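K.L.:
Just a sequence and a predicted model for now, questions to come.
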Number of protein chains: 2
Amino acid sequence: MTATDTRTRLVLTAMQLFRDKGYNSTSVADVLHSAGLNSGSLYHFFPGKQDLLLAVLDAYHGGIGPLLLEPAWQGVSDPIERVFALLAAYRRALATSECGYACPIGSLALELHEPDRAVRERLAANFTAWIQAVQDCLEDAGARLPRDINRRELAAFVLTTMEGAVMQARTYRELASFDAAVRQLRDYFQRLQRAAAPRRGRVRKSSSRRKRS
Amino acid sequence: MTATDTRTRLVLTAMQLFRDKGYNSTSVADVLHSAGLNSGSLYHFFPGKQDLLLAVLDAYHGGIGPLLLEPAWQGVSDPIERVFALLAAYRRALATSECGYACPIGSLALELHEPDRAVRERLAANFTAWIQAVQDCLEDAGARLPRDINRRELAAFVLTTMEGAVMQARTYRELASFDAAVRQLRDYFQRLQRAAAPRRGRVRKSSSRRKRS
DNA sequence: CGTCCACTTGAACGATCACTCAAGTTGGCC
DNA sequence: GGCCAACTTGAGTGATCGTTCAAGTGGACG
């Protein structure tokens, strides 16, 4: 077992525990016990608990593509459907956890009330990468959305919706809350697409002919 | 100084500290020190820290009308404008705190990962009361919104937007994030109103002629 | 085989946590 | 004045917090 393995194990364990119990409610002893390590190992790789958090946030940032977007977009090529496929991935996380799931980044963003610059920058970087991925979809959608709609703001609004929807679903322990929010966002998108469509043209709901895999 | 005063002082102090630092990061000693009391006084009125939290959540619930809605709706009688006046109140809270503000209920909802039934019920009750207030506005708006739009789901979507927007503004420490989300919601509402308007009628942007105060 | 150093061990530290309780103090009521 | 119940005092409880560190361990390299 190399040093990298131990470090990685610490980060993965902390990722899980911070997600499940929150940062403050997860003790260093929790992480060490779950990882089957001693405190010295942790402090060999990290100056302190907060630096472990930084590594966790970096891991989330690096995992957005391979661990979040790619699975969510399996078999979905239509850019607008990709936006909702991403939301569907969060719905799955909620369903799997009996609505106990919370977006780890959003949770940390609200839990840490006076975060260091380094922490806040990484939280923001995670949001920014998420928003950018959605923005890319919206730009791929081209003229299917009104020209005067700001793609970045709309992408950020998708994140807004996801975070607010997860929060409510978690609080009510009901998937219905999440679904209701997505339904509203879908309605908004349909109205945007209708407004962008040529006067007499029908709104096409999906153009999933492009690519199979 | 009566017993009620001490109890009230504890609740108000805890309200402030839980909002500013979070529940887990606020120690009982913090509350006692800020309130200028000894630990015995707290445990005379509350069995434990969590029961203080319950009292805080009840206080928020009771304060939604007089402390949140009424100030936000001062001089605003148009029901749809009231929805956005409520959002403007949160914007003010963000502006005042250099974007350090977070909705106390939303923060607690995400911070407490395995809350007791009693806590979760009160969190949900706060959300429900907030949603109900917005729903009342939307119903007051009558035919200005499409008939087939579910008022409750749209009201919940306003909460979704507020919570997600506050979270992002806090994370980026930029009011612009909040404004962008509200702008999207406003755009959605305008499209809804346009869809509800009779074919040839113009969309009126504000009908603030009704009441001056 | 000897040296070195990255890595691990795990007991121990002081601080702080939520909470307890016996001993007060106070104010209203007879 | 005497009494009781409501409330306050604040030192003290054991548990747990994040962190430290001296003493190892073991593999790589000469």
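P.N.:
Here it is on my side, so go on. Numbering: from 1, shown residues only, chains lettered A, B, ... in the order given.
K.L.:
Report the closest residue of chain A relative to DNA strand C.
P.N.:
Chain A approaches DNA strand C most closely through A:Gly40 (1.9 Å), counting by Cβ to the nearest atom of the strand. From N, CA and C alone the C-beta is placed, and that goes for glycine too.
K.L.:
name the element that residue belongs to?
P.N.:
In the assignment (DSSP states H and E), A:Gly40 maps to helix A:39-45.
K.L.:
does DNA strand D sit close to that helix?
P.N.:
Yes: for helix A:39-45 and DNA strand D, the contact criterion (Cβ under 7 Å from any atom of the strand) is met by A:Ser39, A:Gly40, A:Leu42, A:Tyr43.
K.L.:
Just send the residues you listed back as a markdown table, with neighbour count and pLDDT too.
P.N.:
A markdown table is the format used below for those (neighbours: other Cβ atoms under 10 Å in any protein chain shown; pLDDT from 0 to 100):
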| residue | neighbour count | pLDDT |
| --- | --- | --- |
| A:Ser39 | 11 | 96 |
| A:Gly40 | 8 | 95 |
| A:Leu42 | 21 | 97 |
| A:Tyr43 | 14 | 97 |
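K.L.:
Report the two of these separated the most.
P.N.:
Of all pairs drawn from those, the widest gap by Cβ to Cβ lies between A:Gly40 and A:Leu42 and measures 7.3 Å.
K.L.:
give me the low-pLDDT residue ranges for chain A?
P.N.:
In the predicted model, chain A carries pLDDT under 70 at residues A:1-4, A:199-213.
K.L.:
biggest helix in chain A by residues?
P.N.:
Assignment by DSSP state H gives helix A:117-140 as the longest helix of chain A.
K.L.:
other SSEs contacting that helix?
P.N.:
helix A:49-63, helix A:79-96, helix A:104-111, helix A:151-172, helix B:151-172 (3 or more Cβ pairs under 8 Å, 6 or more residues apart in numbering or on different chains; DSSP states H and E).
K.L.:
How many residues are close by A:Ser77?
P.N.:
16 (other Cβ atoms under 10 Å in any protein chain shown).
K.L.:
now A:Glu121
P.N.:
Neighbours of A:Glu121 (other Cβ under 10 Å): 14.
K.L.:
what does A:Leu185 give?
P.N.:
A:Leu185 has 24 neighbours, counted by other Cβ under 10 Å.
K.L.:
Kindly report the residues of chain A close to DNA strand D.
P.N.:
Contacts of chain A with DNA strand D, taken as Cβ under 7 Å from any atom of the strand, map to A:26-30, A:39-40, A:42-43, A:47-50.
K.L.:
at 6 Å what do you get?
P.N.:
Proximity of chain A to DNA strand D is confined to A:Ser27, A:Val28, A:Ala29, A:Ser39, A:Gly40, A:Tyr43, A:Gly48, A:Lys49 under the rule Cβ under 6 Å from any atom of the strand.
K.L.:
Among those, which pair sits farthest apart?
P.N.:
Maximum pairwise distance in these, criterion Cβ to Cβ, is 16.1 Å, between A:Ser27 and A:Gly40.
K.L.:
Tabulate the helices and strands packed on helix A:117-140 (TSV), appending mean neighbour count.
P.N.:
Shown next, in TSV, are the helices and strands packed on helix A:117-140 (neighbours: other Cβ atoms under 10 Å in any protein chain shown):
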stretch	mean neighbour count
helix A:49-63	18
helix A:79-96	18
helix A:104-111	25
helix A:151-172	25
helix B:151-172	25
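K.L.:
so which of those helices comes closest to B:Ile131?
P.N.:
helix B:151-172 (4.8 Å).
K.L.:
Report the angle between that closest one and helix A:104-111.
P.N.:
Here helix B:151-172 points in a direction 80 degrees away from that of helix A:104-111 (axes from the mean of the first three to the mean of the last three Cα atoms, to 10 degrees).
K.L.:
which outside residues touch the helix holding A:Gly40?
P.N.:
Contact with helix A:39-45 is made by A:Ala3, A:Thr6, A:Arg7, A:Leu10, A:Val28, A:Ala29, A:Val31, A:Leu32, A:Leu52, as judged by Cβ atoms under 8 Å, 6 or more residues apart in numbering or on different chains.
K.L.:
Give me the phi and psi for A:Arg173.
P.N.:
Torsion angles at A:Arg173 (phi, psi; degrees, to the nearest 10) stand at phi 50, psi 40.
K.L.:
Is it correct that it is in contact with B:Leu123?
P.N.:
No: A:Arg173 is beyond contact range of B:Leu123, at 10.6 Å (criterion: Cβ atoms under 8 Å).
K.L.:
More neighbours: the two, which one.
P.N.:
Neighbour tally, A:Arg173 and B:Leu123, criterion other Cβ under 10 Å: the higher count belongs to B:Leu123, 24 against 13.
K.L.:
gap between that one and B:Tyr60?
P.N.:
Between B:Leu123 and B:Tyr60 the distance, using Cβ to Cβ, to the nearest Å, works out to 9 Å.
K.L.:
Quick check: neighbours shared by these two?
P.N.:
Joint contacts of B:Leu123 and B:Tyr60 (Cβ under 8 Å, 6+ apart) are B:Ile105.
K.L.:
Any residues of chain A in contact with DNA strand C? List them.
P.N.:
Contact residues (Cβ under 6 Å from any atom of the strand) of chain A with DNA strand C: A:Ala3, A:Thr6, A:Leu37, A:Asn38, A:Ser39, A:Gly40, A:Ser41, A:His44.
K.L.:
Quickly check the residues you listed for the two that are furthest apart.
P.N.:
Of all pairs drawn from the residues of chain A next to DNA strand C, the widest gap by Cβ to Cβ lies between A:Ala3 and A:Ser39 and measures 16.3 Å.
K.L.:
What about the closest residue to A:Ala143 other than its chain neighbours? Give its phi and psi, please.
P.N.:
Using Cβ to Cβ, 6 or more residues apart in numbering or on different chains and skipping residues adjacent in sequence, the residue nearest A:Ala143 is A:Ala196, 6.2 Å away. For A:Ala196, the backbone dihedrals (degrees, to the nearest 10) come out as phi -80, psi -20.
K.L.:
Wondering if the helix or strand encompassing A:Asp20 reaches chain B at all.
P.N.:
According to DSSP H and E, A:Asp20 maps onto helix A:3-21. Yes: residues of helix A:3-21 contacting chain B under Cβ under 8 Å from any Cβ of the partner chain: A:Asp20, A:Lys21.
K.L.:
quick one: that helix to chain centroid distance?
P.N.:
18 Å (Cα atoms, centre = their mean, to the nearest Å).
K.L.:
isn't A:Asn24 right up against B:Ser27?
P.N.:
No: with contacts counted by Cβ under 8 Å, A:Asn24 stays clear of B:Ser27, the gap being 11.4 Å.
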